[in-house]
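Undergrad: Return a 3D structure for these sequence lines:
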Amino acid sequence: MVRDDLYITVPSLFRCPISLDVMKSPVSLSTGVTYDRSSIQRWLDNGNNTCPATMQVLQSKELVPNRTLQRLIQIWSESVKHRVDSAESSPKSCLTKSQVTELIQRADREAGSSFDFLSKIVCFARESDENRKFLAGADDFVSMLVEFLCNASAGASRGIDFLELVVRAMDMIRNEIKDMEKLRNSMLKSNRDCLRSLVLVLQQGSVESRIGSARVLESIAIDAESKLIIADKEELLSELLKLISPEKDPNLIEAGLSCLIAISKPRRVKVKLVQLGAVKSLAKSLSEPNLSVSVTEKVLKLLETASSVKEGWSEIGGDSNCVARIVQRLLKVSSAATEHAVTVLWSVCYLYRERAAQEAVAKANGVTKILLLMQSNCTPSVRQMSADLLKIFRLSSKSFISCYDTKTTHIMPF
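TA: Residues are numbered from 1 along each chain as shown. Prediction:
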């Protein structure tokens, strides 16, 4: 039976005028009316040339993403989810701190019952920030979790459920751990196998556990040595790349991208990521029409990282679809996305003079977008890179540049 206090009223503004469902990807027509992308696209694909709500003849069939409304819907959806989760969540553990301390000691001593004890501790951690801070500072709790993770074979024999629980506990308290260097050293010692446990969770765990595993890896990738150790672990990079497939959970994609960005600064890691097919995976992600701003920024950031090594810029430059998708994200996403996208194009087209990439930019109407970008309130570095790119295209497309009126002031990209 549905509880009265969980009855959800959907704001009419959030409903698509065609499907009447909450919009997943709101886009606006030239008439100013907003629809869900899938609904209005079907309307247009059926040969209609009018706005369904106003019946005005469309001067343009361009669909402009309504970012503001999309963000409002996202905030509303998250608040509804939180309300439902809070109402349906299991009862609190009602454990005192002294009882939790005893559970930690028993979990460490009594291996056969450690799963049950740790389950209760995780419930305690879920209840509040204060509880998580207490656990992060509790004697031997963090070291106990590390020991559980480092004994991968024992963890696997207990079942993947146990390893998931350990990762979940570590993920909950990682932001409260004060000595991250100590945690990093204890997890990455050569005679231990913590990373193997995290690989197992990435391969076999639930979405929540895989997100936790990626976050834990990101938190210990604090210097060049740790990044290299993580990247050199067999199967780990390939498993992280699997997390960013467009069909995966959005939170999982974002966690995977954040982790990859954190560990990809050393040149050796960049090269390895390119060899594992990172550029193709990232280009596929950019083809998704409903990509969030945050994920778009991270995808472009990782492409920017890849473009700084020969293997990366060569791979990007040779993939015309990838270049075209980067050009598509030059404008109307965010200033961060713009900067990452321009940097990739600058590296490939200007710094390394990839001819195929230059042609792909021209075919994707990239020169016009770069000109538009230079008229916007962009950063000095973006303006300089844009000017450098225009020098390249001026050499191969003088007629186009010369016919463009540089005094135009009414064109704005945002």
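Undergrad: how about residue 14, what does it touch?
TA: 22, 23, 69, 72, 73, 76 (C-beta atoms under 8 Å, 6 or more residues apart in numbering). (Glycine included, C-beta is placed from N, CA and C.)
Undergrad: Contact partners for the third one?
TA: Listed by C-beta under 8 Å, 6+ apart, the contact partners of residue 69 are 13, 14, 23, 26, 34.
Undergrad: re the thing from before, now the contacts of residue 14 as JSON lines including secondary structure, distance to residue 290 and pLDDT?
TA: JSON lines is the format used below for these (DSSP: H, G, I helix; E, B strand; the rest coil; distance: C-beta to C-beta, whole Å; pLDDT from 0 to 100):
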{"residue": "22", "secondary structure": "strand", "distance to residue 290": "14", "pLDDT": "88"}
{"residue": "23", "secondary structure": "coil", "distance to residue 290": "11", "pLDDT": "90"}
{"residue": "69", "secondary structure": "helix", "distance to residue 290": "13", "pLDDT": "89"}
{"residue": "72", "secondary structure": "helix", "distance to residue 290": "16", "pLDDT": "89"}
{"residue": "73", "secondary structure": "helix", "distance to residue 290": "12", "pLDDT": "88"}
{"residue": "76", "secondary structure": "helix", "distance to residue 290": "17", "pLDDT": "84"}
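Undergrad: May I ask which of those residues has the most neighbours?
TA: Neighbour counts for the contacts of residue 14 peak at residue 23, which has 23 neighbours (criterion: other C-beta atoms under 10 Å).
Undergrad: so it makes contact with residue 73?
TA: Yes. Contact status for residue 23 versus residue 73: in contact at 6.2 Å, counting by C-beta atoms under 8 Å.
Undergrad: Quick check: residue 274 vs residue 268, distance?
TA: Distance of residue 274 to residue 268, given as C-beta to C-beta, to the nearest Å: 11 Å.
Undergrad: got the residue ranges for the strands in the stretch 1-150 of the chain?
TA: Using DSSP state E, counting those that start in this stretch, the strands of the stretch 1-150 of the chain run over 26-28, 34-36, 64-65.
Undergrad: Could you identify which of these is most buried?
TA: Burial of those is given as mean neighbour count (mean count of other C-beta atoms under 10 Å); strand 34-36 ranks first at a mean of 23.
Undergrad: if you count what's nearby, which of residue 274 and residue 268 comes out ahead?
TA: A direct count of neighbours by other C-beta under 10 Å for residue 274 and residue 268 places residue 274 higher, at 22 against 14.
Undergrad: Go ahead and confirm the more buried one touches residue 318.
TA: No. Contact between residue 274 and residue 318 fails when scored by C-beta under 8 Å: they sit 11.6 Å apart.
Undergrad: Mean pLDDT and distance to residue 18 added to the strands of the stretch 1-150 of the chain, as CSV?
TA: Formatted as CSV, the strands of the stretch 1-150 of the chain follow (pLDDT from 0 to 100; distance: least, C-beta to C-beta, whole Å):
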stretch, mean pLDDT, distance to residue 18
strand 26-28, 92, 12
strand 34-36, 92, 6
strand 64-65, 90, 17
